[in-house]
Each structure stands twice: as structure tokens, then as C-alpha cells.
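Engineer: pasting the sequence and the predicted coordinates here, then a few questions.
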Amino acid sequence: MATESRDVTEATETERELTMSRAMVEAIAWEMRNDEDVFLMGEDVADYGGIFSSTTGLLDEFGRDRVMDVPISETAYLGAAVGAAQAGMRPIAELMFVDFFGVAMDQIYNNMAKNTYMSGGSFSVPMVLTTAVGGTYNDAGQHSQTLYGTFAHLPGMKVVVPSTAYDAKGLMHSAIRDDDPVVYMFHKRLMGLGWMPSPSGPKTAVPKEDYTIPFGEADIKRPGDDVTVVTLGLHVHRALDAASRLEDDGIDAEVVDLRTLVPLDTDTILDSVRKTGKLLVVDEDYQSFGVTGEIIARAAEGALDDLSAVKRLAIPDVPIPYARPLEDEVIPGTEGIAETIRELHE
Amino acid sequence: MATESRDVTEATETERELTMSRAMVEAIAWEMRNDEDVFLMGEDVADYGGIFSSTTGLLDEFGRDRVMDVPISETAYLGAAVGAAQAGMRPIAELMFVDFFGVAMDQIYNNMAKNTYMSGGSFSVPMVLTTAVGGTYNDAGQHSQTLYGTFAHLPGMKVVVPSTAYDAKGLMHSAIRDDDPVVYMFHKRLMGLGWMPSPSGPKTAVPKEDYTIPFGEADIKRPGDDVTVVTLGLHVHRALDAASRLEDDGIDAEVVDLRTLVPLDTDTILDSVRKTGKLLVVDEDYQSFGVTGEIIARAAEGALDDLSAVKRLAIPDVPIPYARPLEDEVIPGTEGIAETIRELHE
Amino acid sequence: MVSVNELRTMYEQMVTARYYEEQLQEEYLVGKQPAFDISAGPIPGELHLAAGHEASGAGVCLHLRDDDTVTAPHRPHHVAIAKGVDLKKMTAEIFGRKTGLCRGKGGHMHLFDPDVNFACSGIIAQGCPPAVGAAMAAKKRNTDSVAVAFLGDGAIDQGGFLESLNLASVHDLPVVFVIEDNDWAISMPKDRVTDVEDGSRRAWGFDLPGERVDSDDAVAVAEAAGKAIARARDGNGPTLLEVQVHRRMGHFMGDAEAYRPEADIERAKQLDSIERIADDLRSHGVEDDELDEIRERAHERVDDAISWAKEQPEPSPEEAYENVFTNPPATAATDGGNEGGD
Amino acid sequence: MVSVNELRTMYEQMVTARYYEEQLQEEYLVGKQPAFDISAGPIPGELHLAAGHEASGAGVCLHLRDDDTVTAPHRPHHVAIAKGVDLKKMTAEIFGRKTGLCRGKGGHMHLFDPDVNFACSGIIAQGCPPAVGAAMAAKKRNTDSVAVAFLGDGAIDQGGFLESLNLASVHDLPVVFVIEDNDWAISMPKDRVTDVEDGSRRAWGFDLPGERVDSDDAVAVAEAAGKAIARARDGNGPTLLEVQVHRRMGHFMGDAEAYRPEADIERAKQLDSIERIADDLRSHGVEDDELDEIRERAHERVDDAISWAKEQPEPSPEEAYENVFTNPPATAATDGGNEGGD
Ligand SMILES: Cc1ncc(C[n+]2csc(CCOP(=O)(O)OP(=O)(O)O)c2C)c(N)n1
Ligand SMILES: Cc1ncc(C[n+]2csc(CCOP(=O)(O)OP(=O)(O)O)c2C)c(N)n1
Ligand SMILES: [Mg+2]
Ligand SMILES: [Mg+2]
């Protein structure tokens, strides 16, 4: 029936180039080896190794007590992670698709995110909530969202969105070591799964040793002088593609990868916008009341006089549709990004 | 023990001036009288008449079959409202505080909001989700939020936020008659409760007959030429107060009451901004990735050249704290609004 | 007691469903071989096939009318077929076509057919509350319609199901919950995640009758479901049923089931509810010729539906902006429209 | 068997809790009379008093150590007191003071005391999962600590509680769930919203022991809780307890209870667990003098806590920006800071 198991990531390691999935798992394994308090909970994280290979191999090394399959009770097990974190452990809990947040949002935002504040700092909630985000494989409206804005809007959680293997590993080390709740949103299309081929960008060289990437530092993935493109996750790669297509036309786009939404690196955005005067925000979340609005607002607050044009591309306030022509229409594509950069440049 | 029952609204009706609570209930009663398919579900909506008097008197007129107290099972009863609506009824379901959305968000946004789209229009979900929002009485982080941005961000729901009795009634008629799910967010402080005195603005003259207010039409509550203040809910009144304080200083602020977030009346915002060149957005939701960012982004997209300054006031990305000096600090106040308008005017 | 004619009906639905899944499996792999790529081929996205679940769909829906509501989970085809969902439009939907049930917007986990009051949701247990709501509507309107919510064994640990038991019970609503117990929730065996072997045991604590049908014998299912649905229709309230079924395929297409003992896979294939009901029919004197005829008719219907679906046009990109609302606002809320596809 | 000393302990905690609620009631009404204005006076916000619930807090916490975790719901004071939460800091918190347990950020529904592992949440049933998590941590670390989650009768219909029963049961975690059944959920009588009279009945479907203590006899509570907590501590898994208590006051301050039959209010006042335990003590030979002494000591402690709290400074406005994170980011995420208060 099946031609390949879904839980197999690409096996070749050419000179320590890793897929994003491998890089994530490597960081988790390192932390689990070095800190007995780190453990993992989620649906199908044990034998299956995570539907999107976010936990491959961990069961074998760490056993069922530290790599726990849990009932399909997101409220109970995410809330249990909060309780265990408050008791001093450092749980990593996986929400299989971010689209399922609605069954457990109270634990996420009223307990996980707020208990530190509401306790006046006497409790900490050092946990990582990992979750798969994104579309491009026609899984329709309940399995294709990113919901970046939804999580970034509510205070008390740090929100991380890696776009490469290098970033994924460093950000995971930081997330696990952080004393605060971190929502770690990995894009399925970037994981390097055999059954869902990634674009070429996310697989990168990754140091063997552990390292951290501080939260709140956006990364300029491509410097440029003409137009600023602020984006994250999958769309870093689409923006990079679009930028390189425009090179021949003499348009030099700068691509800023936010990497973390909370904290948000406003300075890097403003510096870039002051230089180029033109801002395009590209996002795979719903357009209104989300990431694109916030980035544009920060630019307008901080650099209004330097700003000569702004545009945004995001999901146009419709649920993500199933059929390919429909999904392609609503998720910003390389072509659309290139076109919009060109418009801004004119 | 108690000096007054919480469920008593102000009794006097001077020439058909109504409190917002009375106006809401009047619209609901009218629709229930005229359409057998309209019924009401919620916690403490029957004998108690709604903790914030959103259903006072309805049990007496319509009986327990149409005014139903329900178990503290928001997922079950909000989902049941979706099912009943899909079966052709027109339920009104109350979520006591919007802060509780996290226990039932899946039904709200994956079923209520999306089923119309995901069914390609073959199903409709004509229901109204009523919910109390807002702070100012020191009820802390799990009972004081507005979450305007959270709901407006996710597509498929119309989002309504009345600021006066007149608007409350007209918007409620529209909400119940609408074939789509409407989230009707009423601010506790505006309801005219005896035990939580309102400012003077929300109690207005209200026609006896039924009338509708179309969604997507912002209301200019105070015209002005110097600075545009875009806001909603409680803060319409704070902005009006601020504006009248500034009159003597010769500053003429325009106050735009959004009234509905989805659909959003971009045209009225742009017209105002083109006139004044200066935009202040005031919101009682968290600042980042929410309403303020969206309004500024729309202004920047549509009227960048006319825009000489933008500012925003909202909850500064902290959970709402309990103690009065802390809550006062984070909820934008009249003084702060006036000051910021003055800064913009300079 | 189940009549011969009812056996025939169930048999037909079961062979339709089984053959449908087999054909879909082939169609799904088009473009995905030799390397499995979920986003390649005419049917992308996830696909959860229900081979081995047929007795539950057929046995329950045998007692249902078009005006009764059914909600199904992510593994919905056998239930949809037994409930009488339009097979052509359903197939077109799975192929993402414009004339599909949902105009290509829903796909296989989100099939909606208002003509027979069928809907499904990809979120675990979240079809339960809407089924309770449909039952509530029926009761308020004094009709004798009922509602049935199907869910998996993995779903019985989810709040949405558990809360629904109470709401249905306290209002004595005409709804039946049917747990399809296939022993697995993706890679998780039941005993790793759920504290009881028999899910119907949950009923006691919510004061409604609970019953488990210990095999996927369609007759046993039909009898238990018949009682439960009659109880609901007569105004006597909800019931919780659990039916033992078998997962003959991976959780979704592309699942190589590395986690699953070979013996368990074999066992699931051996316990074939379709062979059993065929034997039942034979023991009632139905000839093999007639069984063949039924089967051929079913296959033809499926083949027709699939070829019809494949001929259907895809939706045009602009349609993505339609149907967010039944009553779209005059002011375009979604004026940010995102023209550029890739 | 409960010893006389244990009776003394419980009595002291119960009279402390009762007197505390009475004093808070008075303090809360300061500035709110004659017209009740929720936002006036030194203690604004909602206030849910637990007079009539004391036997449950005292009887359960009798068996708990500081390293055991307790989560409580919106009506937490009697539990907090019995668990040994710092009374002064707790009171300061309720008065919204800088030296309160939570620096004035949490208030009466959100009391956190890490020294005795106490926390509460204002969202129905949502303290259950964190209690399960604390129990999970204890088990992983091989300590013999346990966790107890308190909840109301209205909370047993909420998914967060029901899911917790399964998670605790399937992992045999050292956690006890205690339902405080006061017959009401705000204005809703139990039989209007919940399908069973005895909430502990829910346990059966989740394969854990369930027991109901049919009165708020502190001794009966202590015995049942003792068994359950010992079971948890010995590694034998979770238990569900229900305790009948009584709501002697409105749901929250300002609730005139118009919906509640006069007789029910009277009954709640008559059934006084404190008088009962005093009688128990007397029947064990404890003299009235000693009871008076205990009561006076308790009253003094409460009076001290309240006067201390009232002298404490309020937090300064800038503190609103602190404690969002334990490890605040270098880049200010919240750079939008909102200076202007009203
Ligand atoms: C709330 C939620 N959590 C997790 C998932 C992911 N998921 C999809 S199917 C499935 C397993 C379901 O098992 P079961 O209910 O037994 O149904 P089966 O697939 O065996 O038919 C899971 C965990 C989901 N769709 N929704
Ligand atoms: C999820 C959620 N829904 C509703 C509420 C509002 N609410 C607060 S207390 C309460 C009643 C609780 O009743 P019960 O659990 O019996 O506790 P009691 O107040 O009787 O002690 C309700 C509905 C809430 N806090 N959280
Ligand atoms: Mg299963
Ligand atoms: Mg109660």
C-alpha cells in the first residue's frame, strides 16, 4: 500500500548538512542527555517519532518515561506540562498541528502564558510547546494554518519560527533552556521529510556541538538596498527565490527573517526600512489583525518619514481551501512576491 | 450580605433612554417573538438573566425551552449551537466572559467560523455568540480582556462591538438576522449595570421599533479636523471625553467608532486620515499583532502620503494585572488619550 | 431482528465502501510513485481510508433517514456512503473539483451534504457537539429526527466528546454516539492512552445507556444501533455505543505502520466483516449470483463516480474568495486579496 | 481514624477560614455601601467566599505536606488556608498590594504560593491538568509527593476535568480530584445542568476509584481523603472524591441569590460543619475553654493578617511591565508601553 513510511527523514548527512527535522531532534536529544528534567509529551511522538519527524529516534535513546505518547486530550496533557514545568521540570509538549490549538487554548494562554505574570514571578513555566504549521500540500482549512498572529498576540509566550536547520537547532536549544514558555512553530514543508519535499534552502550546515540563537534577533537572510521584505518560516525561502529572480532586473531586495515573533526585533526592521524606504511583509497567516499589520505598524510608528511604500501578502482572510488552484491562490507564492517587489520598486 | 442583586439594571426609562443591556435584550426579545427558531443558551442566562444582564427577563417571557441554562461545557454547548444553526435554527449562545474562549475555541473557529466556507456554501451557521469583554473593575488577567484582535483575525466570523444602546440594539437585530456567525462583544462597563456604573455616553435614546445597523459601517461619533482617533467599545467614550477636554485648546479630534471589526470599514478610516493626516488608534486589546496594528497598516496602505504621524494606545503586551494602579496603568485612560492627541497635534 | 432485505442493503453499502476505498487508494497513489510525495498527484492532502470499518457505517445508518443528522470524523467515507451522501459529488470533492460537494474547498475530511444532513470534521471528537445541537433542534421542533455522532476509540479521551455525553444526557436528546474502536489512534495502541478497554463504560458516569458490540458483525451492529436509534426517536434519550472494527490499512495513506505488530495487521485483514455478512446472506438463502450482482452494481457505481469526478473541472482561483460568508458584507472585509499564486 | 490532635488542627483551620471569609466580606463592602459598586473600595474585582466549604479544605489538606501540590478554583481561600499558604501575603494580594503573594498581579482567584505549592485559576476545571502534571513530575522524580485538584460540582461537566481523569488513570498518577459539591453553579442548580447527582460516579468510566462523602462532616472528609491520599502516595494511582459542602453566601459578593429558594439558603446555614467538629472535639473531652482559645488564636491571626495587609503599599504603576517573563528578552517585545493611566 504505502511506498514509504512517513516517519523517515532523509538519511544522508553530507558534511553535516542536516534537514530541519534532524537539527531540531539533535537539539532536543542533547538537552535530554544533559538535563534529566527535560522530557517529551505528545501524540505519536514515541514509536512514530512525530508525524512530522520532530521526535525521530528519541524513544530508542530515552525510553517511554521521557518520551511519552499521550491521549488525544490536549487540554489535559498541555496543562500537565504546565504543572510539571511549575514543579521544576522542563517539558517539551507537542501539539500535532497548530490548527488543533482550539481544544486546549485555555491551558496555553490562561495558564502556560499567564502564570508567571499572575504569580508576580513566583512561578516559572519553563516549557516548550512544539507545533507543526503551514500549508502547501492541500490539507484544507483545519490542517494548513500557521496562526502566527494568534499566538504572537497573546502576551506571555515567546514565539519562535525557524526557517533553516541551523536556526532550528539553535533556537531549540534556546527554547529548552529558557525559563519561559516558548511556542516553537515548525513549518511542515521545511522539515526535510521524504514524503513532503522541502525547497533547497532549509537544509543547511549545522555544527555538531550545541549552540543557542538568542530570541529577538531577526536574521537578514539576504542583504539588499532597494526593497525590504520582512517574512518568516516557509516564506523566507519564497522571498529569497523571488529576490534572486529579480537580480537580473537590477532589483536588490533585502530579506529579513524574523525568526522570533515574540520578542520582535523592531530595530532590524526599522534599519532596513530606513535604508530601502519600501516595505513588503509576506506572511502565511491570515492577513487582517495579524503579523503583516503589526510589522507595517511598527515601521509606520518608527520610520514613517522614510517610508515611501508599503505592501503585504498573506492569506486573504479566507479559511485555507483544499483544491490545489484555490490553495495556490491564497498562499503567497514566489511569483506574487516577485511581482509585488517589482511594483514597490517602480 | 449583599446590598443589591447584580442582575438588576437601572430601572428608569426616561423618554426611552435605555441602558445598553436593556437595548440588547429588547432586540433579542423582539427577534424571539418574531422567529420561533431563535433561542438562547448560556450559563446563568435563565433565572439570573445573565451575569451582565444580557438576558434579563427573557426566561419569564419565553420559558426554559427557549432560554436555556447549560452546563459549564462551553465546547459542548457552543458546538451544539453550531449544530442547531446548521439544522436551520438561529441560536444565540453566550460565552460568559470572552476570557473563557480557550476552552471552546475549536468549536468557535474550526466549526462555527469555517463550516460555511469548507462546505462551499452548502451549510450556513446563523448563530450569534454573545460575550462580555473588558476590564476597569480589577478582575485580573483571566476576566478582563477584550480579545478583539483574536476574534477578528480568524476568518469566517463577523465581529461586532457596540458602544451605545442605540448601536447595541440595531447591531443585535442585524446579528440575529444575519445568516452568518456573529460574535457580539459587549463591554461590561457599558451595560448600565447598577453594580458597575457606566460612563454617561452609552445610555442613549433608542427607538421602540426594531431597526438594523449594517455591519461594516463605522460611525463618526465626533467629527473633527485635526486628528483622527479610531477606536471601539468602552474607548469610544474615553476618546470622546479626551476630545472634549481638548476643545478648549483648539484641538479638534475626530472620533471614529469602528462598531464592527469584521467587516472593517476601511473607507471611513481612510477618509478621516486623509483629512487630518494624523492617526491615533486606541484599543483595549493587547497591542501587538492586533487591532491597532491592523488599523495603522490599512492607513499606511491606503493613505501613506497623507499620513504625517501615527500613534497607538492599547494594553502594552502584558496580561491584565489585578491591583488598581497596575490595571490603570495598562488600560488606556482619558488622560493618556488626550495627551497623545496633543502630541500628535504638535 | 434484521431482515434479509436489510442484510442486502448493508451488504451493498459495505461492498460499495470497501471497493471505494480500494479504488481511492489507487487513485491517491497516482503521481506518488515510486517516491511518496503527499502533495503530488491528482489527490493531494491526507487520506484516511476506512477499510475494515464498514460494518459500523452500514449497521448504524441502516436505521437513519435523510432528515437524521450524521457527523463523522476524519475517516468518514464508509459512513458517508451508508448515509446516502451523493457519491459522485463526494468523489469530485476528494479530487478537489468545482462540482464537488464543497466546491473543492473541504476535501476528504470535510464533506458536507445538506441533502442528507451529513457533515464531518478533521478535529478529534469535535463532531459530537454539533450532533448534540442537531438533536436539540429536532427536539425543539418536535420532529422525530435523530442525530448520530461517529468517533474513533482515540477520541473518547477528548473533552468535546465527554462534555457532549453530559449535555445530551441532561436534556435527554435524541442522539447516539458511536465509537468505532479499531484499537489504534495512529500509532498509539488503545491501552497506552486510554484507561478503559471498553469505551462504552464511560456512559455510566453520565447516566446514559452504554453498549459495546464486540465484533464488527454487521448484524450485531445493526441490532444494537437499531435499539439505540429507536430509543432516541421515541424520545427516550441518548445512547453510547462502541463497535469493534478493524483498521485494514495504515492510519493514513503513506503510513507504513512500522509501529504495528505484523500479527495485528494480519488479524485485522482476516476478520472481514464483508465475508461475514455475505455468509449471513447465504445462510438466508441468498444465492452467490445475487451477491455477485450486488457487488458488481456497487463497483459500477463507484467506478462511475470516480470517472465522473475525474472529468470535472477544477475550481478557478477566484472562487477561493467566495463562501467565507453566506451573506457577504457590502464592505469588503477581505480587501487585502492576494493575487499572486505560485 | 482521625486523632484528637487532627481534629484540633482541622478545627483551627476551619474557624480560621470561616472568620477570614466573614472579615473579608466586611472589608469588601467598604466603599460599596449603600450602593454596591464592584469597582469601588479597597478590594475591587469579584470575590467568591467559601463559607460552608471549610470541611473540605481542612479534611483534605490535613494529609498534605508542603511539597504536595494543590490547585484550587475560583473559591480558594479555605483551601489555601488549610494548605498553609502565607495568610498575610495572601491577604495583601487580595487587597492588591505590592507585598502580596503575586505582587498585586493575581488577586483572589489567582493566588500562587511556591513555598507550599499552591496555585489557583479562575477558569472552571482548569486547575486539574496542572495538578496531573505536578503528579507526573513527582512520579518521574520518584518522590512520594502527591497532588490534589479541587473543583466545584459545576466543573465536572468541563472537558479539562474529564480529560484529566483519563490521563491520571492511564498513568496511575498520584493525584486526587476533590469535587466540592455545594449544589449550585452560580444560579444553576445541579440537576439542571449535570446528568448525575453523585459526581464521583464519573470515576467508574475512567477506571479509578470514586467516592462521595455525603456531608461536610470534617471527620468523614478526612477519612476518605486520608485513604485517597495514602493510595496516591503509595504509588497506587488517582482517586476521585466528592464532598457535600454548603454555600452559605452568594456565589460572589453582590449576589442577592434571588434565584435560590429561601429554604435552601436556610438549610445551608443550619448545616454547619464547624459546629459539628466542635461537638466532635467536645465528645473527645476537649473543653470549651480550649475551643475558645483556638478560635481566638485563629481570629487574631486573621485580624493581624488583614491589618498587616491594609498597611502594605500598593504596587507602583511601572511594576505592571514586570514579570511577563522570568527571563525577559533583551529586545523589548513590549516596547509599545502605554504610559497614560486615567
Ligand atoms: C484535537 C485533535 N488532536 C489530534 C488530531 C490528530 N489526529 C488525527 S486522527 C488521530 C487519531 C484518531 O484515532 P481514533 O479516534 O481512534 O480514530 P481512527 O483514526 O483510529 O479511526 C489523531 C491523533 C486531531 N485531528 N485533532
Ligand atoms: C470555563 C469557564 N466557564 C464559566 C466560568 C464562570 N464561572 C465562574 S464560577 C462558575 C460556577 C462554578 O460552579 P461550581 O464549579 O459548582 O463552583 P462553586 O462556585 O459552586 O464553588 C462559573 C460558571 C468560568 N470561570 N470558566
Ligand atoms: Mg482508532
Ligand atoms: Mg457549586
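Structural biologist: Sure, I can see it. Ligands and ions are numbered 1, 2, ... in the order given.

Engineer: mind telling me which residue is nearest the centre of chain C?
Structural biologist: Geometric centre of chain C, nearest residue: residue C:76, 2.6 Å, by CA atoms, centre = their mean.

Engineer: pretty sure that residue contacts residue C:113?
Structural biologist: No. Using CB atoms under 8 Å, residue C:76 is not in contact with residue C:113, being 10.8 Å away. Bear in mind the C-beta positions are built from the backbone N, C-alpha and C, glycine included.

Engineer: with adjacent residues omitted, what lies nearest to the residue nearest to the centre of chain C?
Structural biologist: residue C:120 (4.2 Å; CB to CB, 6 or more residues apart in numbering or on different chains).

Engineer: what does residue A:191 give?
Structural biologist: residue A:21 (4.2 Å).

Engineer: ok, the one you found to residue A:158 distance?
Structural biologist: 21 Å (CB to CB, to the nearest Å).

Engineer: who's more crowded, those two?
Structural biologist: residue A:21 (29 against 26; other CB atoms under 10 Å in any protein chain shown).

Engineer: wait, a helix at the more buried one?
Structural biologist: Yes. Counting by DSSP: H, G, I helix; E, B strand; the rest coil, residue A:21 is located in a helix.

Engineer: does it really touch residue A:192, like I thought?
Structural biologist: Yes. Counting by CB under 8 Å, residue A:21 touches residue A:192, with 5.4 Å between them.

Engineer: strands of chain C, start to end?
Structural biologist: Using DSSP state E, the strands found in chain C span residues C:69-72, C:112-113, C:118-120, C:147-152, C:175-181, C:184-185, C:188-189, C:210-213, C:239-244.

Engineer: reformat those strands as CSV; add distance to residue C:296 and mean neighbour count.
Structural biologist: Below are these laid out as CSV (distance: least, CB to CB, whole Å; neighbours: other CB atoms under 10 Å in any protein chain shown):
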stretch, distance to residue C:296, mean neighbour count
strand C:69-72, 27, 29
strand C:112-113, 26, 24
strand C:118-120, 26, 27
strand C:147-152, 28, 30
strand C:175-181, 28, 30
strand C:184-185, 33, 23
strand C:188-189, 38, 20
strand C:210-213, 30, 21
strand C:239-244, 28, 28
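
Engineer: out of these, flag the one nearest ligand 1.
Structural biologist: For the strands of chain C, the distance to ligand 1 is smallest for strand C:147-152, at 2.1 Å, taking CB to the nearest ligand atom.

Engineer: contacts for that closest one, please.
Structural biologist: B:83, C:56-57, C:60-61, C:64, C:68-73, C:75-76, C:79, C:124-125, C:127-128, C:130-132, C:134-135, C:138, C:161, C:164, C:173-182, C:185, C:229 (CB atoms under 8 Å, 6 or more residues apart in numbering or on different chains).

Engineer: how about stretch C:231-240?
Structural biologist: The contact list for stretch C:231-240, computed with CB under 8 Å, 6+ apart, reads C:135, C:139, C:144, C:146, C:165, C:168-169, C:172-177, C:179, C:199-200, C:202-203, C:206, C:208-211, C:227-228.

Engineer: how is the residue of chain A found nearest ligand 2 assigned, secondary-structure-wise?
Structural biologist: Closest contact between chain A and ligand 2, by CB to the nearest ligand atom, is at residue A:106 (7.0 Å). Secondary structure, three-state DSSP: residue A:106 is helix.
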